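K.L.:
Build me a model:
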Amino acid sequence: MELLGFTAAISIGLILGLIGAGGSILTVPVMVYLFHIDPYLATTYSLFIVGSTSLAGIIPYSLKKQVDYKTALAFGIPSIIGVFLARTWIHPHIPEHLFDIAGYAVSKDMALMLLFAVLMVFAAGNMIWKKEATDEQEEQPSKSSYLLAVQGILVGLIVGLVGAGGGFLIIPALIIFNKMELKTAIGSSLFIIALNSLFGFASSNNIQEIHWWFMLAVTGIALVGMLLGSWLSQKIAAQKLKPFFGYFVLLMAFWIIFQELSK
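P.N.:
Next up, the predicted model:
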């Protein structure tokens, strides 16, 4: 199982490098099911692995000027605040049991994950079926610091509540609301993910439980996948990559719904 886990670590970086998202959704199951790590500790490992891999993945995008640092900071810093508020103030005050429907108990975790899945479906639909605007029709990106901050906080709140999947929300937000070109959105998303993940790791209260050599080994393997994914993303036309990203988001959304409803 551990050999399979190390092999799967390549796919963590590959997906991150190719579409700028999916790291935490892949990393936590790998840690829990293949390396048999406690779920809460697995999220701490995930924050470091995804954060470090994303940070390295920025380099090829930055060299091609496909990272909008100004927008990423305007979006990313408020998103960190949103994550902090959600984890510290909102999440602890939501009751574990929300309500019963047809004799079926709906828990806090189930409701939050289903909410996340619904948001992913809407985001995927926009990626897959929305027609591309012509040059004359294309809207100008929204550069308002206020609007970017609001978007960042809202995404941070959602990411903080569901605990994973920041890139799935960040990239659609950058494309839909800021009219950012896909590959620039991917590069900028990696920067935001790195900020969120490494901040979350640094503020974790169980760092003393980490097996550092193991974590660094998995991170190194994921970095190999990241470099491969970043290279492949530069070879694939944005028009083809955008629907691929959309279908991947849609697949993950249905997987989450299935997992939650089959418990």
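
K.L.:
Need the mean per-residue confidence for the one helix or strand F99 maps to.
P.N.:
Element membership for F99, per DSSP states H and E: strand 97-101. Throughout strand 97-101, pLDDT has a mean value of 83.

K.L.:
Which secondary structure elements does it sit against?
P.N.:
For strand 97-101, the elements it packs on are strand 104-107, helix 108-129, judged by 3 or more Cβ pairs under 8 Å, 6 or more residues apart in numbering; DSSP states H and E. No exception for glycine: its C-beta is placed from N, CA and C like everyone else's.

K.L.:
just checking, what packs against the last one?
P.N.:
In terms of contacts (3+ Cβ pairs under 8 Å, 6+ apart), helix 108-129 is packed against strand 97-101, helix 145-162, helix 166-176, helix 238-261.

K.L.:
And the ones you listed: which comes nearest A217?
P.N.:
Ranking these by distance to A217, with Cβ to Cβ as the measure, places helix 166-176 first at 23.5 Å.

K.L.:
For that closest one, what is the distance to the chain centroid?
P.N.:
Distance of helix 166-176 from its chain centroid, counting by Cα atoms, centre = their mean, to the nearest Å, is 9 Å.

K.L.:
what angle separates it from helix 238-261?
P.N.:
140 degrees (axes from the mean of the first three to the mean of the last three Cα atoms, to 10 degrees).

K.L.:
how big is the angle separating the helix or strand following helix 166-176 from helix 145-162?
P.N.:
Using DSSP H and E, the helix or strand that follows helix 166-176 towards the C-terminus is helix 182-202. Orientation note: helix 182-202 sits at an angle of 60 degrees relative to helix 145-162 (the same axes, to 10 degrees).

K.L.:
Quick one: mean pLDDT over the following helix or strand past helix 182-202.
P.N.:
Elements were assigned by DSSP H and E; along the chain past helix 182-202, the next helix or strand is helix 212-235. Helix 212-235 shows a mean pLDDT of 87.

K.L.:
Next: stretch 193-203.
P.N.:
On average, the pLDDT along stretch 193-203 is 84.

K.L.:
Give me the distance from that stretch to the chain's centre.
P.N.:
Computed by Cα atoms, centre = their mean, the chain-centroid distance of stretch 193-203 equals 12 Å.

K.L.:
For that stretch, buried residues please.
P.N.:
Applying a neighbour-count criterion of 16 or more other Cβ atoms under 10 Å, one finds I193, A194, L195, N196, S197, L198, F199, G200, F201 buried in stretch 193-203.

K.L.:
Cross-check the contact I'm expecting between L34 and A9.
P.N.:
No: contact criterion Cβ atoms under 8 Å: L34 and A9 do not qualify, at 9.2 Å.

K.L.:
How far away from the center of its chain is stretch 99-115?
P.N.:
Distance, centroid of stretch 99-115 to centroid of chain: 23 Å (Cα atoms, centre = their mean).
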